[in-house]
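Engineer: Make a model of this:
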Amino acid sequence: MGILGTNYGEAGAINLYGARYGLPSAISGVNSFWQRGYGNPPPKTLIVVGLSREYVEKTFQSCRLAGHNGNPYGIKNEESEDHPDIFVCEPPREPWPQFWDDFQSFG
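Structural biologist: Next up is the predicted model:
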């Protein structure tokens with residue numbers, strides 16, 4: 001299993017707090033985080049945060065909505081406002097090396 005985040009905030013939070021909950025390290029295509037790769041072997045199942053339903057349905061073999069990133073304190077932020085959905089997805093439709101090259105972003 002892997003956790004795919006789209007920015008440093010998501011991936012960094014998973015890596016900072018996730019171990020105590022038994023979560024794997026996050027993978028992300030953003031900036032130099034991309035260079036860390038996706039692991040060997042690549043994950044067969046992914047928890048995906050920060051992406052739209054349209055993107056995950058187009059990109060992964062299958063996905064289901066698993067939850068929402070909430071904010072009980074009412075603080076507006078990108079994660080809870082722009083893309084709050086959390087998905088559980090099966091591998092990318094493309095082979096992992098091709099998906100990973102395409103997933104790289106600079107922001």
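
Engineer: Could you use CA atoms for every contact and neighbour count after this?
Structural biologist: Will do.

Engineer: At which residues are the helices of this protein located?
Structural biologist: For the chain, the helices defined by DSSP state H cover 8-17, 53-59, 78-81, 96-103.

Engineer: Quick check: mean pLDDT of stretch 30-38?
Structural biologist: The pLDDT scores in stretch 30-38 average 94.

Engineer: can you list contacts of it?
Structural biologist: 6, 7, 8, 27, 28, 29, 100, 104, 105, 106, 107 (C-alpha atoms under 8 Å, 6 or more residues apart in numbering).

Engineer: of those residues, the lowest pLDDT goes to which?
Structural biologist: On pLDDT alone, residue 107 ranks lowest of these, at 70.

Engineer: From residue 83, how far out is that one?
Structural biologist: 16 Å (C-alpha to C-alpha, to the nearest Å).

Engineer: Could you do residue 76 as well?
Structural biologist: Counting by C-alpha to C-alpha - residue 76 and residue 83 are separated by 12 Å.

Engineer: more neighbours, those two?
Structural biologist: Applying other C-alpha atoms under 10 Å to residue 76 and residue 83 shows that residue 83 carries more neighbours, namely 16 against 10.

Engineer: Could I get the phi/psi values of the closest residue in space to the more buried one that isn't next to it in sequence?
Structural biologist: Leaving aside its sequence neighbours, residue 83 sits nearest to residue 50 (C-alpha to C-alpha, 6 or more residues apart in numbering; 5.3 Å). When read as degrees, to the nearest 10, the backbone of residue 50 gives phi 90, psi 10.

Engineer: list the contacts for residue 50?
Structural biologist: Residue 50 neighbours (C-alpha under 8 Å, 6+ apart): 5, 6, 7, 10, 79, 83, 84, 85, 86.

Engineer: Now do the lowest-mean-pLDDT helix or strand in the chain: everything it contacts.
Structural biologist: Across the helices and strands of the chain, mean confidence by mean pLDDT, DSSP states H and E is lowest for helix 78-81: a mean of 79. Taking contacts as C-alpha under 8 Å, 6+ apart, the residues outside helix 78-81 that touch it are 10, 50, 69, 70, 71.
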